[in-house]
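Undergrad: Need a 3D model of the sequence below.
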Amino acid sequence: MKIMLLTIGTRGDVQPYVALGQELRARGHDVVITTSKNSTDMIKAAGLRANPLNADTEQLMKGPEAKAAVSSVTGRIKAVRWTENVMRKQFEDMWRIGLAEKPDLILHSAKGLLAPYLARKLGGKAVPVFLQPGFTPTKDNPSFMVTTRDLGEWGNLISHETMLGALWIGNRFVQWNWERETGIDLGPSLNVLGGWGAGGLRIHAYSPHISPLPKDYPKTERITGYLFRHPEKWEPPADLAAFLKAGPPPVYVGFGSMPGIDPVRQTQTVLEALKRNGQRGVIATGWGGLSEVEAGKDIHVLKAAPHSWLYPRMAAVVHHGGSGTTHEGLRWGRPTVICPFVMDQPYWGKAISELGVGAAPIRQENLTVKNLSDAINFALGPGVIMRAGKLGDVLQKEDGAAAIADIIDTL
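TA: Sure thing, here's the model as predicted:
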């Protein structure tokens, strides 16, 4: 079967689909990944074929619009027009590539919004593969796009219906404008998160041990476990290897691909918190969440490193709380501190706290030397370390990619 994997976003949005693509290819399927062009090297290195969008997510995330959207409500409002323009360009690329590839099946993220329309046009199937909970209404918990506070059964359900309705309206508005500009007729409106041609099948690719499948989900909702890649064969730079050998396991701190609210201030906060605790640290600057600082006896600075290599060598991990980073840290049994920005990140922070495998989340705008120092101390407590280790043992037995491939083989 010819399968297109369609996702848009940062490394955390793409790497899980690379793991899925490798499993599907190993089973004999013809696989192509369509995503932002800055991920092309990662896809090719995994032995997969890329047919990329023109968008470069790294450059977009480093731009002023993305930084403003993270920093304030006003910034998010101002970013609406910019987001619409970005989406229209992505629609154009998705449609062009989809018609050229003619896949039998499209497995798509929550951002692959044209997938059902392409599947209908091509006579194929589209199945959403979600990396976060919250795209199916439930009474069990609220929409992560609204709050992490339980609103009661009906309040939770209303929060989901409201946000999904707003998403549909916003997406449909962009689609109408795009159709009018291009002369393309997508046909009758579809639920962009509902898939097409597969009997309502929707896949949830996260761990049920961190976020259980709600009891009121229909049988067409399938939870599989996270899409972990096998640990990468990676040779660390000499200075990193020397730093790790020079003392006890350090604390990892990195905010990945999120643009920083105030990278210089946040970095100083992190350094002071580590110093107050007497902890060594590995600082990952990522795409700008933290700033470059001078390395020292107890601090090592890097832009990025494979988490599957780095995390097993850490004492604890402090990060922004993306789904992939959260699962990866817990996969290796590492106590966790989440400092969320937006979207599903507060949700994972709350889940970690409730499971007792890390500290309560600290939102980026509320980060101080004291609360971060206290959170790291809490995460390194014996009970938290024990619970995180037990959860890691469970997660290492999950194989979300194989579970999804089994489902696909039945279609």
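Undergrad: All the strands of the stretch 1-150 of the chain, residue numbers only.
TA: Chain-ordered strands for the stretch 1-150 of the chain, with DSSP state E, counting those that start in this stretch as the definition, fall at 2-6, 30-34, 49-50, 105-108, 125-130.
Undergrad: helices or strands up against the first one?
TA: It refers to strand 2-6. Counting by 3 or more Cβ pairs under 8 Å, 6 or more residues apart in numbering; DSSP states H and E, the packing neighbours recorded for strand 2-6 are helix 11-26, strand 30-34, helix 73-101, strand 105-108. C-beta here means a position set from N, CA and C on the backbone, and glycine is covered the same way.
Undergrad: Please point out which parts of that strand sit buried.
TA: 3, 4, 5, 6 (16 or more other Cβ atoms under 10 Å).
Undergrad: Now pLDDT too, for the residues you listed, in CSV please.
TA: Shown next, in CSV, are these (pLDDT from 0 to 100):
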residue, pLDDT
3, 98
4, 98
5, 98
6, 96
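Undergrad: Identify, from these, the entry nearest to residue 296.
TA: Using Cβ to Cβ, residue 5 is the member of the buried residues of strand 2-6 that lies nearest residue 296, at 42.1 Å.
Undergrad: Could you check how far the closest one is from residue 115?
TA: 10 Å (Cβ to Cβ, to the nearest Å).
Undergrad: any residues in contact with both of these two?
TA: Residues touching both residue 5 and residue 115 by Cβ atoms under 8 Å, 6 or more residues apart in numbering: 106, 108.
Undergrad: Could you pull up the residues touching residue 22?
TA: 46, 47, 48, 229, 401.
Undergrad: Disregarding residues adjacent in the polypeptide, which is nearest to the first one?
TA: The shortest distance from residue 46 to any non-neighbouring residue, by Cβ to Cβ, 6 or more residues apart in numbering, is to residue 18 (4.9 Å).
Undergrad: Do I have it right that the one you found meets residue 49?
TA: No - Residue 18 sits out of contact with residue 49 when judged by Cβ atoms under 8 Å, with a separation of 11.5 Å.
Undergrad: who has more neighbours, these two?
TA: With other Cβ atoms under 10 Å as the criterion, residue 18 and residue 49 differ in neighbour count, and residue 18 comes out ahead with 25 against 14.
Undergrad: sorry, back to before: what residues are shared contacts of residue 18 and residue 49?
TA: 33, 43.
Undergrad: Lowest average pLDDT across the helices and strands packed on strand 2-6?
TA: Of all these, the minimum mean pLDDT falls on helix 73-101 (a mean of 77).
Undergrad: Now do the strands in the stretch 251-400 of the chain.
TA: In chain order, the stretch 251-400 of the chain shows strands spanning 251-254, 281-284, 299-302, 316-319, 336-338, with DSSP E, counting those that start in this stretch as the criterion.
Undergrad: who does the last one touch, helix- and strand-wise?
TA: Secondary-structure packing of strand 336-338 (3+ Cβ pairs under 8 Å, 6+ apart): strand 316-319, helix 323-331, helix 345-355, helix 369-379.
Undergrad: One more pass at 10 Å, please.
TA: The elements that strand 336-338 packs onto, with contact taken as 3 or more Cβ pairs under 10 Å, 6 or more residues apart in numbering; DSSP states H and E, are strand 251-254, strand 316-319, helix 323-331, helix 345-355, helix 369-379.
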